[in-house]
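Asker: prediction below, plus the sequence it came from.
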Amino acid sequence: MRRLAITALLALAGAPVEGAELVRAPYLQLLRPDSVDVLWTLADDGERLPATVRFREAGGDAWRTSGERAGIECPEPLLAGESCYRVRLDGLAPDTDHVYEVLVGESVIGEPAEQRFRTPPPEGEGVVHLAVLGDSGSRPPGGRPRQDDVALQIERLAERSPLHGIIHTGDMDYHSTFETFAFDAVIFEPYRSLMSSTCLYATRGNHDSHYPLDRLFTPPGHASEHGLSYSFDLGAAHFVFVDTTLGFDPGQPGEQALEWLCDDLAAARARDTRWIVIVTHEPLFTIGGQVTESIITREALAPIIDRFRVDLVLSGDDHNYQRSHQLTLRMAPEECGPLEPFACPAAECYDIVGDESRRHFDHAEGSLYIVTGGGGRALYGESFWFINPRTATFEHVDKRFSSVFNSIHHAVELFVSPVMLLGRAVDFNGREIDHFSLSRLRLLRGDMDFDGELAINDAVALLRALFLGDPAECLAAGSTDGDRLVEIDDAVLILNHLFLGGPEPAAPYPACDRLPEGMPDNAGGVLCRRSGC
């Protein structure tokens, strides 16, 4: 089995290196605005070969070279006879496309030989593009599994706009045991091209708990000592991965992880982080097959999520797609951790914020819960009854919090900017099955340069954007008459008001307004990168 896995990977990843076999094709870790680590694994029986990576900005012709160096160590090898190689590329330009080639000895490894990646923008800035999937790790022999179909759709998302990361909500591997190893077949083979161009951020699922994922992946940022919990900043968002396999009842390891989570979120809020996204394997709110398991997870995590105004929660475990309404808790604790169990029936725990039918949310309060467990494993349908783990009785499933449910294989695409978070779910055929957005933008109508006042230069900037194609920080600010369109009469309105005593821009001018719903993405959306108020 092991030899077959290596042979299959070699067929995909290029010719073998003299004196060694390529086991895991080059993949990226610790992708930052100015650096990235490139890793690969050879079956070289311990006889390490000289290894370098040459790299340059896409479109440039000045190659640089980096080699292995002290202090940047590989994880411990998973299997006997393997050697991990790791090279850090420093001095990269933020938010820029780069290409690289991996050399072992004189041989270039990988297919294609020249790989590409895009560095993320500086922290707090720019637009970050992510893909999210979960419960994927099942590739039966013969045929084309749904896991590969979902991976193909993520590749197509990356072709349209380079990804800054792939978030996996857990259960990456349903086949490995303490005696056998299948991770190559279920992760490094189906996501080979994706992992060569961006980082995979792993969440530990219940099927992943029997071997250490940190021997394959390096948790970035701030890591907990308990389980695979870690956090990091990416663009304008703070991402927190919580290991829900630890258990959260008193005395279990998860109790200490909750204290770490409280401290981490408090620090994120203290530095005025724009967005907070939490990733778990077990969902907190679900109407699928994992309702019973979700009760204990919700009791432990929901009060913390509500206390720190977490914006988005991404989970797996239930093999389907779900989106909740925007929720707030009725009984959040005054202090954070150590926590008492938050036991209450689901219907009595939360309130729905605003109109239940909305897809676009501009409230600062409330959290949105997404279940994305359709990465390839057999699907789960809706549940109507469940066993309450606290009372051991059958109860009817509360569905009031649920907005969208679709039992289909899929992935989720996210765009995150300082003023807006856009998401959509795409099925294994590339069809959009849901979309949603969270908004932080408040703008002054007509204030094209975001300096907080209306002036002649704003009218000039609007006209240049319309007729010369000049970029605008947020074209949506140009809708001065409030009709959600940006046209020449908006510039005329600004000039008429400033110099002829004409009417003011539409209400709420001279106060700030939120981004008007219904604006097309190229007139606002993720291109609105900062707030004018």
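Answerer: Now that the structure is in, tell me what you want to look at.

Asker: for stretch 462-477, C-alpha coordinates in CSV please.
Answerer: Only the C-alpha atoms of stretch 462-477 are listed here, as CSV (Å, rounded to 0.1, in the frame of the first residue of the first chain):
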residue,chain,number,x,y,z
LEU,A,462,-15.8,60.3,-9.3
LEU,A,463,-15.7,61.6,-12.9
ARG,A,464,-12.2,60.1,-13.3
ALA,A,465,-13.4,56.8,-12.1
LEU,A,466,-16.4,56.9,-14.4
PHE,A,467,-14.7,58.1,-17.6
LEU,A,468,-11.0,57.4,-17.2
GLY,A,469,-11.1,54.1,-15.3
ASP,A,470,-9.2,55.5,-12.3
PRO,A,471,-9.4,53.2,-9.3
ALA,A,472,-11.6,54.3,-6.4
GLU,A,473,-11.2,53.3,-2.8
CYS,A,474,-15.0,52.7,-2.7
LEU,A,475,-17.0,53.6,-5.7
ALA,A,476,-20.2,53.0,-3.7
ALA,A,477,-19.5,56.3,-1.9
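
Asker: which ones are touching residue 232?
Answerer: By C-beta atoms under 8 Å, 6 or more residues apart in numbering, the contact set of residue 232 is 220-222, 238-239. (Each C-beta comes from the backbone N, C-alpha and C, glycine too.)

Asker: helix, strand, or coil at it?
Answerer: strand (DSSP: H, G, I helix; E, B strand; the rest coil).

Asker: what's the distance between it and residue 201?
Answerer: Distance, residue 232 to residue 201, using C-beta to C-beta, to the nearest Å: 8 Å.

Asker: for those two, list the residues in contact with both.
Answerer: Taking C-beta under 8 Å, 6+ apart as the contact rule, residue 232 and residue 201 both touch 220, 239.

Asker: look up how far residue 368 lies from residue 161.
Answerer: For residue 161, the distance to residue 368 (C-beta to C-beta) stands at 22 Å.

Asker: any regions of the stretch 351-500 of the chain where pLDDT drops low?
Answerer: Low-confidence segments of the stretch 351-500 of the chain (pLDDT under 70): 363-364.

Asker: ok, now with 80
Answerer: Within the stretch 351-500 of the chain, the ranges that satisfy pLDDT under 80 run 354-357, 362-365, 390-391, 440-442, 450, 472-474, 484.

Asker: which residues of it fall in helices?
Answerer: Secondary structure of the stretch 351-500 of the chain (DSSP state H, counting those that start in this stretch): helices at 456-467, 488-500.

Asker: make a markdown table from those helices and add mean neighbour count and distance to residue 281 to it.
Answerer: A markdown table is the format used below for the helices of the stretch 351-500 of the chain (neighbours: other C-beta atoms under 10 Å; distance: least, C-beta to C-beta, whole Å):
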| stretch | mean neighbour count | distance to residue 281 |
| --- | --- | --- |
| helix 456-467 | 18 | 45 |
| helix 488-500 | 17 | 48 |
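
Asker: redo those helices as JSON lines? Include distance to residue 396.
Answerer: JSON lines is the format used below for these (distance: least, C-beta to C-beta, whole Å):
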{"stretch": "helix 456-467", "distance to residue 396": "54"}
{"stretch": "helix 488-500", "distance to residue 396": "53"}
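
Asker: just the CA trace of stretch 243-251, in CSV.
Answerer: Extracted in CSV, the C-alpha atoms of stretch 243-251 (Å, rounded to 0.1, in the frame of the first residue of the first chain):
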residue,chain,number,x,y,z
ASP,A,243,-9.9,21.6,19.0
THR,A,244,-13.4,20.3,19.9
THR,A,245,-12.1,16.7,20.2
LEU,A,246,-10.7,17.4,23.7
GLY,A,247,-14.1,17.4,25.4
PHE,A,248,-15.3,20.4,27.5
ASP,A,249,-16.8,18.8,30.6
PRO,A,250,-15.1,19.7,33.9
GLY,A,251,-11.8,17.9,34.2
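
Asker: pull out the buried positions in that stretch.
Answerer: For stretch 243-251, the neighbour count (16 or more other C-beta atoms under 10 Å) marks 243-248 as buried.

Asker: can you check stretch 266-283 too?
Answerer: Using 16+ other C-beta under 10 Å as the burial criterion, the residues of stretch 266-283 that qualify are 268, 273-283.

Asker: quick revisit: now intersect the contacts of residue 232 with the strands, please.
Answerer: Counting by DSSP state E, the contacts of residue 232 place 222, 238-239 in strands.

Asker: want to throw these into TSV with distance to residue 306?
Answerer: TSV is the format used below for the ones in strands among the contacts of residue 232 (distance: C-beta to C-beta, whole Å):
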residue	distance to residue 306
222	22
238	16
239	18
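
Asker: tell me which of those residues is nearest to residue 443?
Answerer: residue 238 (23.9 Å; C-beta to C-beta).
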